[in-house]
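Q: Requesting a structural model of the entry that follows:
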Amino acid sequence: MPNFDELKQKVGETAGVVAGHAINIAKSAGEKISYAAKLGRLKAEMLGEREIIRRSYQQIGKLYVEHFADTPHDVMLADVEKVSLAQQRIAVIEEEIVNLKSDGAVDDEPEIFDEDDHHHHDHAHDDYHHDHEHSHEHGHDHDHHHD
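A: Residues are numbered from 1 along each chain as shown. Below is the predicted model of the structure:
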């Protein structure tokens, strides 16, 4: 039968081992938290950079259409034509709106909702995708991606 001193020593050793494991677990958790924080910061930074790229591409496209719509490069022709057609449709719609308002039919402008899902409906978005899908059906691919 072990004496009290041996028992005390075993308990002390066991407590030391348990404490060591607890310290290792805490260090591991701290490292995981630090890793997750750094990973989150890097991903947020990357998203910010991607947003800069997206806005720059958008501005480049706008400037291209403003300055070269009359003489677009062949790879840009289809997209410049889409912009031109959309601008023409907007002008017609704006004229219809002015005419509708001048008739005095209604003072308030209702939101446009899709009857199927009761969400705001973006007709321009649909037109782009319709045109895009239509061009793929006929073997035309106007989306050129260059790295």
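Q: I'd like to know which elements the longest helix along the chain is packed against.
A: When the chain is parsed with DSSP state H, its longest helix is helix 4-68. Here helix 4-68 touches helix 77-102, going by 3 or more CB pairs under 8 Å, 6 or more residues apart in numbering; DSSP states H and E. (Glycine included, C-beta is placed from N, CA and C.)
Q: I'd like to know how far Thr9 sits from Ala15.
A: Careful, residue 9 is Gln; it's not Thr. In this view, Gln9 and Ala15 are 11 Å apart by CB to CB, to the nearest Å.
Q: And His21, by the same measure?
A: The gap separating His21 from Ala15 is 11 Å, by CB to CB.
Q: same check, this time on Asp74
A: On the measure of CB to CB, Asp74 and Ala15 end up 78 Å apart.
Q: quick one, which of these two is more surrounded?
A: Under the criterion of other CB atoms under 10 Å, the comparison of Asp74 against Ala15 puts Ala15 first, with 10 against 6.
Q: show me where pLDDT drops low in this structure?
A: Scanning the chain for pLDDT under 70 picks out 1-2, 105-147.
Q: hmm, try it at 80
A: Applying pLDDT under 80 to the chain flags the ranges 1-24, 26-27, 104-147.
Q: which residues sit in contact with Ala36?
A: For Ala36, the contact set (CB atoms under 8 Å, 6 or more residues apart in numbering) is empty.
Q: Nice, that's everything, thank you.
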